[in-house]
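Student: next comes the sequence, and after it the predicted model I'd like to discuss.
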Amino acid sequence: MSEDVNKAETAGRGGRYRYVVLAMLILAYTFNFLDRQILGILAGSIKAELHLTDTQLGLMGGVAFAALYTTLGVPLAWLADRVSRTWIMTVALTVWSGFTVACGLAGGFWSLFLARMGVGVGEAGGVAPAYSLIADYFPKEQRARALAVYSFGIPLGTALGVLFGGLIAAYVDWRFAFIAVGSAGVLLAPIFKWVVKDPVRGGLDRTPGEVAPAEPPKAPAFGKVLATIMPKPSFWLLSFGAACSSICGYGVAFWLPTFFQRSFGLSLTDRALYYSALSLIGGVAGIWLGGVLADRFGAKNKAAYALAPAICFLVALPCFLLAMNVQSMVVAFLLFLIPTGLNLAWLGPVVAAVQHLAPASMRTTTSALFLLINNLLGLAVGLWFFGYVSDLLTPRYGAESMRYALYYGLGFYVLAAALLIIASRRLQKDWAE
């Protein structure tokens, strides 16, 4: 067994090194979402310079990114079940950061569209391998919290993308914002590879006293993974439930700065400060809440992994509607914190549950299949849906069209909650011990 594997396995069983690994994974995920979400705060500046419609912005932010991000995720995850997960993540980080730089050099809709597709190509290898690594560094009773902490990269990346993107665009221009954040990601890639080691697959799933096999188990064929996962109703219910919430999550994250501009009259700098604080505070609190609830109640009842986020969605909906219709920006901020957090509370519980629907040797591929459904709908449909509905309603509502587009889109919260409630009744039976 190599020195790296010995180091990683020892760390996974209780050493401090696993927290160093988790910190590096969070940092990579932060850049993942920073590069992904920066387009939202820059949308107004890009629209003005390149003369785009809301529908085109939605296509560029959603379909362009999701087309290859979702489809390449599965074969890259299949590869990650066989080769070094850290190498795949390192190359992925380099590729998506490089294409983020290319976004700043775009001269029109199609060149920016293609650059965003390149960002999606890189990010396809960034998440599923990380889920698998965390499952091999943290024991079962801590995985939901560990995955929730990893998911802090979402609000951190969103907040930093909005803050730095908005401020750089306000004081320099939107092109330099893309170039600056992309270049930082390229510099991070070799550091990530140097720090993060690949642990033994399934090493923490053995019972106490069980001897590790002389050779790691051979990764199963893709067809066997499908035969294991596809018959389980809970996989489909969790995937489509998360996808419905992501239609709102990704769509709202992308278009809310536009709503603040058109309906609340905030400047670019004010939008950057307001929404970055909202994303950071609400997002971190909500993700941690979901992970804690899942680890605390999931040990006694597997249904909690789906029921906790379902309840969060139902609470988030009226809070979001109320926040959009108050006059005070301070009151609106406090109200927006609630749905911002609750919308992300599903990440720890649902991702942890998906990890336990398959054996350790299938986890990366299983995660990629889950992400394929979640992101294909959440990214491709979510961003396009709100932009398309806004354009459709512009003749009637003018500058307020985005407000009404958000009203229509929030109905996906109800559908997400319903699917997760049904999933909660199947988890115990479909769980892979």
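Tutor: Received the coordinates, thanks. Numbers count the residues shown, from 1 in each chain.
Student: what is the helix or strand Gly223 falls within packed up against?
Tutor: In the assignment (DSSP states H and E), Gly223 maps to helix 222-229. If you count contacts as 3 or more Cβ pairs under 8 Å, 6 or more residues apart in numbering; DSSP states H and E, helix 222-229 packs onto helix 363-375. Just so you know, the C-beta spots here come from the backbone N, C-alpha and C atoms, and that holds for glycine as well.
Student: ok now the next helix or strand after the helix it packs on, how far from the chain's centre?
Tutor: Downstream of helix 363-375, the first helix or strand assigned by DSSP H and E is helix 382-397. Mean C-alpha position of helix 382-397 versus that of the full chain (Cα atoms, centre = their mean, to the nearest Å) differs by 24 Å.
Student: got a list of contacts for the helix or strand following helix 382-397?
Tutor: As assigned by DSSP H and E, the chain's next helix or strand after helix 382-397 is helix 401-409. For helix 401-409, the external contacting residues (Cβ atoms under 8 Å, 6 or more residues apart in numbering) are 54, 247-248, 251-252, 255-256, 258-259, 262-263, 321, 324, 382, 385-387, 389-394, 397.
Student: can you rerun that using 6 Å?
Tutor: 248, 251, 258-259, 262-263, 386, 389-390, 393-394, 397 (Cβ atoms under 6 Å, 6 or more residues apart in numbering).
Student: sorry, back to before: just the residues contacting the helix holding Gly223, thanks.
Tutor: With Cβ under 6 Å, 6+ apart, helix 222-229 has contacts from 78, 235, 358, 362, 365-366.
Student: who wins for neighbours among those?
Tutor: Highest neighbour count within the contacts of helix 222-229, by other Cβ atoms under 10 Å: Thr365, with 30 neighbours.
Student: list the buried residues in the helix or strand containing Tyr413.
Tutor: Assigned by DSSP H and E, Tyr413 belongs to helix 412-424. Buried residues in helix 412-424, counting neighbours by 16 or more other Cβ atoms under 10 Å, are found at 412-413, 415-424.
Student: quick one: average confidence on that helix?
Tutor: The pLDDT scores in helix 412-424 average 94.
Student: now do that helix: which elements does it pack against?
Tutor: helix 233-262, helix 304-323 (3 or more Cβ pairs under 6 Å, 6 or more residues apart in numbering; DSSP states H and E).
Student: wait, which of the ones you listed is closest to Tyr137?
Tutor: Taking Cβ to Cβ, helix 304-323 is the member of those nearest to Tyr137, at 19.8 Å.
Student: gap between that closest one and the chain center?
Tutor: Mean-position distance between helix 304-323 and its chain equals 18 Å (Cα atoms, centre = their mean).
Student: which residues touch that helix?
Tutor: In contact with helix 304-323 (Cβ under 6 Å, 6+ apart) are residues 293-294, 297-298, 332, 335-336, 338-339, 342-343, 345-346, 349, 353, 410, 413, 416-417, 420-421, 423-424.
Student: give me the pLDDT value at the residue lying closest to Arg426 once chain neighbours are set aside.
Tutor: Nearest residue to Arg426 in three dimensions, chain neighbours excluded: Ser234, at 4.1 Å (Cβ to Cβ, 6 or more residues apart in numbering). pLDDT for Ser234: 93.
Student: kindly report the same for Leu72.
Tutor: At Leu72, pLDDT is 80.
Student: SS state for it?
Tutor: helix (DSSP: H, G, I helix; E, B strand; the rest coil).
Student: neighbours around it, how many?
Tutor: Residues near Leu72, counting by other Cβ under 10 Å, number 19.
Student: surely Phe33 meets Ala159?
Tutor: No: using Cβ atoms under 6 Å, Phe33 is not in contact with Ala159; the gap is 9.1 Å.
Student: please identify which helix or strand holds the closest residue to Gly104 other than its chain neighbours.
Tutor: Distance criterion Cβ to Cβ, 6+ apart; nearest residue to Gly104, sequence neighbours excluded, is Phe178 at 3.3 Å. In the assignment (DSSP H and E), Phe178 maps to helix 174-195.
Student: so which elements touch that helix?
Tutor: By 3+ Cβ pairs under 6 Å, 6+ apart, helix 174-195 packs against helix 17-50, helix 85-103, helix 153-171.
Student: output the contacting helices and strands for the following helix or strand past the first one.
Tutor: Read that as helix 17-50. Using DSSP H and E, the next helix or strand after helix 17-50 towards the C-terminus is helix 54-58. Packed against helix 54-58, as judged by 3+ Cβ pairs under 6 Å, 6+ apart, are the following elements: helix 382-397.
Student: tell me which residues in the helix it packs on are buried?
Tutor: Quick answer for helix 382-397 (16+ other Cβ under 10 Å): 382-394.
Student: can I get these in CSV with pLDDT and distance to Met24?
Tutor: Converted to CSV, the buried residues of helix 382-397 look like this (pLDDT from 0 to 100; distance: Cβ to Cβ, whole Å):
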residue, pLDDT, distance to Met24
Gly382, 84, 29
Leu383, 82, 29
Trp384, 86, 33
Phe385, 90, 35
Phe386, 91, 34
Gly387, 88, 35
Tyr388, 91, 38
Val389, 93, 39
Ser390, 92, 39
Asp391, 92, 41
Leu392, 94, 44
Leu393, 94, 44
Thr394, 93, 45
